[in-house]
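Enquirer: need coordinates for the following:
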Amino acid sequence: MMKFIGEITVALLPALLLFTGCRQETQEVKKSISPITVDVQTVNTINTASSRNYTGIIVESQSISLSFLTTGNVAQVLVSEGQRVKKGQLLAVLHSENAQSILDAARAKEAQATDAYNRFTTVYKSGSLPSVKMVEMETNLQQARSSRQIAEKAFNDCTLSAPSDGVIGKRMLEPGMNAAPEVPVFTLVKIDNVYAKISVPEREISNIDDGQRVSVTIGALNDTVVSGTIKEKGVIADPLSRTYTVKISIINRDGRCRPGMACSALISSPDSVLSIVIPQYALLKGSDGPFCFVTDSTKTLALKRPVKIGTLTAQGVIITEGLRYGESVVVSGFQKLSDSVAVVCR
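Expert: Below is the predicted model:
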């Protein structure tokens, strides 16, 4: 029996020696990996204004469709898209030869009727003309005047002028084209004051008031931030999206904000709320979304923590989910970190 046990011991001895050597080697490798030095910051809550960001588009404060009042062929187009115009400025002209001829004939008939009326008036006052004849002369003169006025209007309708100051937003007319009444040929827009048009969900519309100040960011202008004021708040929700239209008035005297530009509006509530905020540089972006590194309770291991972010404030980025009060967030030295890596906190 003792001989059998000895044989087993001799057979297992090399395996035991190999296992012990591997274990010692693993321990030596672990000892050779030095902890990474990092700086941490304790997560605190601060008072921040409750705010929400809404995407929208810049629209003109007023848009006017312009069309001719008569049918005709276009002779001249005197303005182009984007051009500023003044009230009464001539925009386009139709060929008016026929209208001019009709007006000349109407003026001649009016002059003839006026002359006849004056001559018959002298005879009528002398008692040599019956009253019925004088009434006929007055009627002829009035008809001639009316015909001349109609001809003048038809001639003037061959031109199209700006009804107010503004900018030509669209031009749908070229020389040689035919124009017709109620067919728009220009769109005149006013952009000295523009609106940022946004859609607000029905659950949030009660937090928005007329006259409230808003920060509007316009991406097309290198993320320029302009100040605006809420002027219009819709009263009927969109039946599909369940959102209300809100218009934010923006002063635009330099004309930089143009209709069609995409924008975002940051609307803050006067009420303050407690929020977790971390420095923006401590926030990292991964394939699964934003994350940061926190340390365990012993502050010896770095743990990868996915988070959900809110808005950017002067104090940092608001974290809406993923962090708790009192935890330690790594704020520097995280470039070499991965999940569950040993760290030393300074």
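Enquirer: residue 155 touches residue 105, doesn't it?
Expert: No - contact status for residue 155 versus residue 105: not in contact, 11.7 Å apart, counting by Cβ atoms under 8 Å. Every residue, glycine included, has its C-beta placed from N, CA and C.
Enquirer: helix or strand for the most centrally placed residue in the chain, which one?
Expert: Ranked by distance to the mean C-alpha position of the chain (Cα atoms, centre = their mean), the top residue is residue 57 at 2.0 Å. Mapping residue 57 onto the secondary structure by DSSP states H and E places it in strand 45-66.
Enquirer: what average pLDDT does that strand get?
Expert: In this model, strand 45-66 has a mean pLDDT of 86.
Enquirer: partners of that strand, with directions?
Expert: strand 186-201 (antiparallel), strand 262-278 (antiparallel) (DSSP bridges).
Enquirer: any residues touching the helix or strand just after it, and which ones?
Expert: Elements were assigned by DSSP H and E; along the chain past strand 45-66, the next helix or strand is strand 72-77. Outside strand 72-77, the residues within contact range by Cβ atoms under 8 Å, 6 or more residues apart in numbering are 91-96, 158, 171, 173-179.
Enquirer: distance of residue 283 from residue 265?
Expert: With the distance defined as Cβ to Cβ, to the nearest Å, residue 283 ends up 23 Å from residue 265.
Enquirer: do the same with residue 300
Expert: Residue 300 is 45 Å from residue 265, where distance means Cβ to Cβ.
Enquirer: more neighbours: those two, which one.
Expert: Neighbours were tallied for residue 300 and for residue 265 using other Cβ atoms under 10 Å; the higher tally belongs to residue 265 (21 against 12).
Enquirer: ok, what's across the strand from the more buried one?
Expert: Where residue 265 sits in a bridge, its partners, by DSSP bridges, are residue 54, residue 216.
Enquirer: that one against residue 54, yeah?
Expert: Yes - with contact defined as Cβ under 8 Å, residue 265 and residue 54 form a contacting pair (4.9 Å).
Enquirer: so what sits against both of those two?
Expert: residue 198.
Enquirer: in CSV, list the C-alpha atoms belonging to the helix or strand containing residue 317.
Expert: Here residue 317, judged by DSSP H and E, is contained in strand 316-321. Output for strand 316-321, consisting of C-alpha atoms alone and laid out as CSV, is shown next (Å, rounded to 0.1, in the frame of the first residue of the first chain):
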residue,chain,number,x,y,z
GLY,A,316,-20.4,71.7,-16.2
VAL,A,317,-22.7,69.0,-17.7
ILE,A,318,-25.8,68.0,-15.9
ILE,A,319,-26.0,64.2,-15.4
THR,A,320,-29.6,63.0,-15.3
GLU,A,321,-28.9,59.3,-14.7
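Enquirer: tell me what angle the next helix or strand after that strand forms with strand 262-278.
Expert: Remark: after strand 316-321, the chain's next helix or strand is strand 328-332, criterion DSSP H and E. Between the direction of strand 328-332 and that of strand 262-278, the angle (axes from the mean of the first three to the mean of the last three Cα atoms, to 10 degrees) works out to 120 degrees.
Enquirer: and the helix or strand just after strand 328-332, which strands flank it?
Expert: Past strand 328-332, further along toward the C-terminus, the next helix or strand under DSSP H and E is strand 341-345. Based on DSSP bridges, the strands next to strand 341-345 in the sheet, each with its direction, are strand 36-42 (parallel), strand 301-306 (antiparallel).
Enquirer: give the buried residues for strand 341-345.
Expert: For strand 341-345, the neighbour count (16 or more other Cβ atoms under 10 Å) marks 341, 343, 345 as buried.
Enquirer: quick one: that strand to chain centroid distance?
Expert: With Cα atoms, centre = their mean, to the nearest Å as the basis, the distance from the averaged C-alpha position of strand 341-345 to the chain average is 46 Å.
Enquirer: go ahead and confirm residue 268 touches residue 54.
Expert: No - look at residue 268 against residue 54 with Cβ under 8 Å: they stay out of range, at 12.0 Å.
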